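Undergrad: Need coordinates for the following:
(one chain, ligands or ions: 1)
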Amino acid sequence: MAQLWGGRFTKETDWKVYHFNASIGFDKRLLNEDIEGSIAHVTMLAKQQILTETERDQIISGLRGILDDTLSGKLTIDEDTYEDVHSFVEAHLIDRIGDAGKKLHTGRSRNDQVALDMKLYTRKQVKEVDGLIKELLLVILQTMEDNLETYMPGFTHLQKAQPITLAHHFGAYLEMFTRDRSRLSDIYERMNYCPLGAGALAGTTYPLDREYSAQLMDFQGPTLNSMDSVADRDYLIEFLAALSTIMMHLSRFSEEIIIWNSNEYQFVEIDDAYSTGSSIMPQKKNPDIAELVRGKTGRVYGALVSLLTTMKGLPLAYNKDMQEDKEVAFDAFDTVKDCLELFTGMLRTMKFKKDRMEKSAMNGFTNATDAADYLVGKGVPFRDAHGIIGRLVLYCIEKNTSIDALSLKELKEISPVFEEDIYDAVSLKTCVEKRLTIGAPGPDAMKEVIAFHKARLQ
Ligand code: ARG
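TA: Below is the predicted model of the structure:
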């Protein structure tokens with residue numbers, strides 16, 4: 001145990017207490033950010049003449065040495081000796097450069113330090129997740145361009161409803177993930193203020209230049225209340241909420257792929273590289289990646305609820321409870337990034353069985369609404385048309401056939417309004433092509449949407 005705060009204590013910390021209290025096991029991930037923050041801090045201290053330029057240079061080269069040696073494996077992070085990453089860095093700095101190292105923590109507390117480290121780390125994660133969603137959007141967009149006329153049934157209640165295209169179905173996810181990116185960009189903007197200089201809770205008596213520190217680390221500016229600066233984890237909560245929404249979207253998409261990949265549907269075939277087999281049933285090829293993405297959604301929601309619960313009763317300002325933000329957040333970051341990457345790969349390599357999709361759209365009366373609209377076009381009031389087509393569907397079910405397979409004579413027996421042009425009116429192609437308001441599956445409407453997204457993505 002090498003602690004930063006032994007002075008006022010007369011006894012060693014109990015070993016079990018030490019480990020219960022320590023965060024080094026997980027906050028060692030923040031090494032890069034801890035050192036980046038310390039370099040900015042001493043750069044500012046020297047500019048304000050709180051440190052000399054020589055001290056600043058010694059500290060910076062000492063910090064860089066610690067980072068390089070840790071990354072190369074020359075220096076290992078000893079979890080039985082240091083309470084957290086901040087103590088690890090400071091102790092080694094003093095070891096390496098002596099007295100100048102003892103000045104690193106001037107005008108700073110671990111409270112603003114950890115708030116900064118976590119913000120720097122999270123800010124990078126926001127960018128990374130955004131980049132991964134962009135990759136996914138590009139795959140979705142490509143699939144859309146390739147499938148403007150791949151007909152399939154659209155569902156409500158998981159019952160065939162109206163014909164759409166694969167492009168249109170994927171277009172729904174394009175919108176969802178585009179909104180996810182816009183949420184990330186809002187979060188980035190709101191969180192991008194620097195807490196360094198808040199001290200333990202009440203600022204410091206040193207003439208720090210907080211604007212300058214913020215500028216050195218590409219923040220928009222300094223945070224404006226030192227109590228809030230060390231006590232705020234809203235940005236993490238917002239990010240976890242956005243990650244939960246991303247997972248919810250991925251999970252719905254996964255669920256559909258699992259259904260589409262089933263023996264009953266066979267709309268898609270997941271590539272061998274993204275499927276696994278069974279130890280007992282030789283015929284099996286399971287959609288495990290999609291299932292795991294769906295399954296892992298729970299732990300990301302868990303992280304959000306966990307942090308919300310941790311924060312809900314905390315008095316201002318810093319409380320050790322807040323150390324609990326890290327493990328759940330890190331797990332959520334890793335999980336979402338893995339899921340996005342693997343899901344995108346699975347989608348990119350997935351084969352669409354267009355003939356199966358089209359055949360499925362042709363039965364199940366997905367053209368029943370269009371048949372009713374046909375009658376409306378001939379002057380029948382919609383409610384009457386609805387009743388006529390309902391009877392027609394019942395007739396087809398009894399005869400195990402479809403609307404377009406009936407003879408004109410059979411159709412006329414149900415309503416004399418039917419003419420030869422009914423067959424064209426209820427063909428899949430017509431049903432889809434006639435839907436040309438913006439947002440609908442008609443290929444011309446879809447092309448406009450695709451062009452809009454393409455321009456935004458570039
Ligand atoms: N490991 C701590 C955390 O993650 C660092 C801050 C410690 N500050 C303190 N006053 N004990 O929150």
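
Undergrad: The stretch 101-250 of the chain against the ligand: which residues are in contact?
TA: Within the stretch 101-250 of the chain, the residues that sit near the ligand (CB under 6 Å from any ligand atom) are 110-111, 114. In short, each C-beta sits where N, CA and C put it, glycine included.

Undergrad: of these, closest to Trp5?
TA: Closest approach between these and Trp5, by CB to CB: Arg110, at 9.4 Å.

Undergrad: what's the helix or strand for the closest residue to that closest one other than its chain neighbours?
TA: Spatially, and ignoring its direct neighbours in sequence, Arg110 is nearest to His86 (5.2 Å; CB to CB, 6 or more residues apart in numbering). Under the criterion of DSSP states H and E, His86 resides in helix 85-97.

Undergrad: Any chance you could list what contacts that helix?
TA: 2-4, 23-24, 27-31, 34-35, 38, 58-59, 61-63, 65-66, 75, 77-78, 81-82, 101-102, 104-105, 110, 113-114, 117 (CB atoms under 8 Å, 6 or more residues apart in numbering).

Undergrad: Run through the residues of the stretch 251-400 of the chain sitting next to the ligand.
TA: Near the ligand, when you scan the stretch 251-400 of the chain using CB under 6 Å from any ligand atom, you find 318, 320, 322-323.

Undergrad: of those, buried ones?
TA: Among those, the ones that count as buried by 16 or more other CB atoms under 10 Å are 318, 322-323.

Undergrad: Pick the one among those residues closest to the ligand.
TA: Of all those, the ligand sits closest to Gln323, with 3.7 Å by CB to the nearest ligand atom.

Undergrad: if I pick that closest one, what's in contact with it?
TA: 23, 114.

Undergrad: please redo it, this time with the cut-off set to 6 Å
TA: The neighbourhood of Gln323, defined by CB atoms under 6 Å, 6 or more residues apart in numbering, consists of Ser23.

Undergrad: which SS state does it fall under?
TA: What DSSP: H, G, I helix; E, B strand; the rest coil gives for Gln323 is helix.

Undergrad: Val417 versus that one, what's the distance?
TA: 74 Å (CB to CB, to the nearest Å).

Undergrad: Also Phe333?
TA: 61 Å.

Undergrad: Looking at the two, which is more packed in?
TA: Looking at Phe333 and Val417 with other CB atoms under 10 Å, you find the greater number of neighbours at Phe333, namely 23 against 17.

Undergrad: And the closest residue to that one other than its chain neighbours, its phi and psi?
TA: Spatial nearest neighbour of Phe333, chain neighbours left out: Gln125 (4.7 Å); criterion: CB to CB, 6+ apart. Reported as degrees, to the nearest 10, the phi and psi values for Gln125 are phi -60, psi -40.

Undergrad: before we move on, back to that, with pLDDT as new columns, can the buried ones among the residues of the stretch 251-400 of the chain next to the ligand be given to me in JSON lines?
TA: JSON lines is the format used below for those (pLDDT from 0 to 100):
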{"residue": "Tyr318", "pLDDT": "96"}
{"residue": "Met322", "pLDDT": "98"}
{"residue": "Gln323", "pLDDT": "98"}
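
Undergrad: Tell me where the protein has strands.
TA: Assigned by DSSP state E, the chain shows strands spanning 151-156, 159-165, 193-194, 221-222, 268-269, 351-352.

Undergrad: ok, and which of these has the densest surroundings?
TA: Highest mean neighbour count of the strands of the chain: strand 193-194, a mean of 22 (counted as mean count of other CB atoms under 10 Å).

Undergrad: And the average pLDDT for that one is what?
TA: Strand 193-194 carries an average pLDDT of 98.

Undergrad: And for stretch 367-387?
TA: Mean predicted lDDT for stretch 367-387 stands at 95.

Undergrad: Residues contacting it, please?
TA: Residues contacting stretch 367-387 (CB under 6 Å, 6+ apart): 162, 389, 393, 403, 417, 422, 425-426, 431.

Undergrad: Quick one: end-to-end distance for that stretch.
TA: End-to-end distance of stretch 367-387: 15 Å, with CA to CA, to the nearest Å as the criterion.

Undergrad: Report the buried residues of it.
TA: For stretch 367-387, burial by neighbour count (16+ other CB under 10 Å) applies to 367-375, 380, 385.

Undergrad: again, but for stretch 224-240
TA: Neighbour-count burial for stretch 224-240, with 16+ other CB under 10 Å as criterion, is recorded at 226, 228-233, 235-240.

Undergrad: which residues touch the closest residue to Ala167 other than its chain neighbours?
TA: Once flanking residues are discounted, Ala167 sits nearest to Met144: 4.1 Å by CB to CB, 6+ apart. Neighbouring residues of Met144 by CB under 6 Å, 6+ apart: 167, 170-171, 450.

Undergrad: Also Ile388?
TA: Counted by CB under 6 Å, 6+ apart, Ile388 has contacts Ser415.

Undergrad: how close does it sit to Tyr18?
TA: Ile388 is 80 Å from Tyr18, by CB to CB.

Undergrad: Not counting sequence-adjacent ones, nearest residue to whichever residue of the stretch 351-458 of the chain sits closest to the ligand?
TA: Using CB to the nearest ligand atom, the closest approach of the stretch 351-458 of the chain to the ligand is made by Leu457 at 37.4 Å. By the measure of CB to CB, 6+ apart, the closest residue to Leu457 outside its immediate chain neighbours is Leu137, 6.1 Å from it.

Undergrad: For the contacts of Met144, which two are the farthest from each other?
TA: Longest span within the contacts of Met144, CB to CB: Phe170 and Ile450, 10.3 Å.

Undergrad: Mind checking which of these two has more residues around it?
TA: Phe170 (22 against 19).

Undergrad: Enumerate every residue touching that one.
TA: 140, 143-144.

Undergrad: What's opposite the residue lying closest to Phe219 once chain neighbours are set aside in the beta bridge?
TA: Leaving out its chain neighbours, the residue that sits closest to Phe219 by CB to CB, 6+ apart is Cys194, at 3.9 Å. Under DSSP bridges, the beta-bridge partners of Cys194 are Pro222.

Undergrad: and Cys194, how far is that from Ser185?
TA: With CB to CB as the criterion, Cys194 and Ser185 are 19 Å apart.

Undergrad: Glu324 too?
TA: 28 Å.

Undergrad: Settle it for me: which of these two has more neighbours?
TA: A count of neighbours by other CB under 10 Å puts Glu324 above the other of Glu324 and Ser185, at 17 against 11.

Undergrad: The closest residue to the more buried one other than its chain neighbours - how many residues pack around it?
TA: Spatial nearest neighbour of Glu324, excluding adjacent residues (CB to CB, 6+ apart): Thr310 at 5.0 Å. Thr310 has 18 neighbours, counted by other CB under 10 Å.

Undergrad: what about Asp272, neighbour count?
TA: Neighbour number of Asp272 under other CB under 10 Å is 10.

Undergrad: Now it. Nearest residue, chain neighbours left out?
TA: Lys285 (7.4 Å).

Undergrad: And that neighbour, how far from the ligand?
TA: 45 Å (CB to the nearest ligand atom, to the nearest Å).

Undergrad: Which pLDDT value goes with that residue?
TA: Confidence score, pLDDT, at Lys285: 81.
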